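[1] sequence unavailable; structure follows:
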């Protein structure tokens, strides 16, 4: 890991869990002199200021980005085209743009719509980290520690910009890898977007049942963990699902077909089939935890 | 909470996470003089003995239960008919039988098949507690602390037996409620059995995808928690799914229909519909956590 160059002026657009934690980490690493926040919610910006996460703020994107050397966009992915349109003519010539959006093809498409071609100093990225909480109060400097960040640069992306963004993430404790944007979206649809959809959907179904009250009263730790991601921000997840619709539908259909097979086996009382599936799932999940968290 | 009467001799059939934790809790409460373990796995019984969870053991059910005043059955629910057949003519006349099976109608049916009618001293029960780990090494005395135990007594069940079992669970720190067995199965299918089925099924689906390796490499904490229950014991869950097939199928079909609606909205790009579902789910889940865990 090479040391990152100090940034004079960092601008965070969207000072929530992701943007706030990035700001905290970069400041803690001593790699920035000044951080400007930008967002629509004035109370959140005030909180960010009083927590020392940012040094000043503007609700106007043009104003917020004009002196920035690095701009980190951490707003919901549905807002990217609007954000990029606003900053387009306001940024410094050599400013590096990067982002924390959970989907990458949609971000690239938004950049193409605004700039015609993705600017060479724009490095699309996605930190694989988060909690179910939102807002700058939920942010913390070690959120990215030992987590992965996936960058999805394009052919034209400036290697120096990739290097700069890589070092910033590494200084936040993250492990950076690069991947094609389409591939990223397929992988994340499986590992994050589909589980979120299923968790939201299950909890919603339970709220419609007659036994609703007793169901929640008698739920325990397994249910709490299974549904943790159903406490995530609905607007953000609406955006992610729409932005990654094709990959999500592909995996959802795969999942539904397999679940239907399991349903058939259950209806037939085919315990051997159930057990075979359960054994395979347990093994994969145990291996995953052993590799990632032990 | 009234004090529980001390038991001279407790027999635990199935000394795993559930049975072992019950034994530890009752001993820690000072409510038992002697605990006999029973099970098929000799290594597990030896471990239980060396951990001090039990005082002696027998692999023969008749032998294990013959002097017991209270018998706690904590084997997988698929084995109940066999276990009850073996203990039927071996137990003391006034021995109280209770269990920790995750499904209750199937346990009652097993008792009816063996005894013709559920014995008046048999109190079916289900502690709503557990972890994804199995075996006596995973057991601990506080597993039931502040957890619910649902008893599903029948019309003929002896009130003194219900009282005795209630006090034992209360001495383990649990909160005891009673419920009709059929109703229990419907509630637990929703809150526990269906989530387990979905978690197993999702992880299994992911193992079949081309991107399998990258999927698991790039999964994070949300995925870990969502799939925690997919690390549960496959044999045990095979039994539970088959034992509670009807209720599970009912909820599964309800879930699948709702998921299909969500799929349709996603395909149509109907963000408002998605968001409405996500908001409702988040609210229910947040309320659940606030009530149960704060």
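    Right, received. Where do you want to start? All values reported here derive from a predicted model rather than from experimental measurement.

[2] residue A:267 - how many residues pack around it?
    13 (other CB atoms under 10 Å in any protein chain shown). For every residue, glycine as well, the C-beta is placed using N, CA and C.

[3] and it, that one's in a helix?
    Yes - counting by DSSP: H, G, I helix; E, B strand; the rest coil, one finds residue A:267 located in a helix.

[4] that one against residue B:249, yeah?
    Yes - assessed by CB atoms under 8 Å, residue A:267 is found in contact with residue B:249 at 6.2 Å.

[5] name the nearest residue to residue A:146, ignoring sequence neighbours.
    residue A:173 (6.2 Å; CB to CB, 6 or more residues apart in numbering or on different chains).

[6] per-residue pLDDT, the residue nearest to residue A:212 when sequence neighbours are not counted?
    Closest residue to residue A:212 apart from its sequence neighbours, by CB to CB, 6+ apart: residue A:206 at 6.5 Å. pLDDT for residue A:206: 95.

[7] same question for the one 5 residues further on.
    Listed pLDDT for residue A:211 reads 85.

[8] ok so, going back, pretty sure the residue nearest to residue A:146 contacts residue A:145?
    Yes - with contact defined as CB under 8 Å, residue A:173 and residue A:145 form a contacting pair (3.6 Å).

[9] my read: residue A:111 touches residue A:118, true?
    Yes - using CB under 8 Å, residue A:111 is in contact with residue A:118, at 4.5 Å.

[10] on that earlier part again, now do the residue nearest to residue A:212 against residue A:17, distance only.
    26 Å (CB to CB, to the nearest Å).

[11] ditto for residue A:182
    Taken as CB to CB, the span from residue A:182 to residue A:17 is 26 Å.

[12] out of these two, which sits in the more crowded spot?
    Between residue A:182 and residue A:17, counting by other CB under 10 Å, residue A:17 is the more crowded of the two (25 against 14).

[13] check whether that one really touches residue A:144, as I assumed.
    No - Residue A:17 is beyond contact range of residue A:144, at 11.2 Å (criterion: CB under 8 Å).

[14] ok, residue A:128 - contacts?
    A:147-150, A:188, A:192, B:218-220 (CB atoms under 8 Å, 6 or more residues apart in numbering or on different chains).

[15] of these, just say which sits nearest to residue B:99.
    Checking those against residue B:99 by CB to CB gives residue B:219 as the nearest, at 36.6 Å.

[16] secondary structure element for the closest one?
    Remark: residue B:219 resides in no helix or strand, with elements defined by DSSP states H and E.

[17] who are the contact partners of it?
    The contact partners of residue B:219, by CB under 8 Å, 6+ apart, come to A:128, A:191-192, A:288, A:292.

[18] and the contacts of the worst-scoring helix or strand of chain A on mean pLDDT?
    Lowest by mean pLDDT, DSSP states H and E among the helices and strands of chain A is helix A:212-217, with a mean of 88. By CB under 8 Å, 6+ apart, the residues outside helix A:212-217 that reach it are A:206, A:209, B:148, B:183, B:187, B:190-191, B:284, B:287-288, B:291-292.

[19] try 7 Å
    Residues outside helix A:212-217 that contact it (CB atoms under 7 Å, 6 or more residues apart in numbering or on different chains) are A:206, A:209, B:187, B:190-191, B:288.

[20] and stretch A:256-265, by the same measure?
    Here stretch A:256-265 makes contact (CB under 7 Å, 6+ apart) with A:273-274, A:277, B:197, B:201, B:204-205, B:252.
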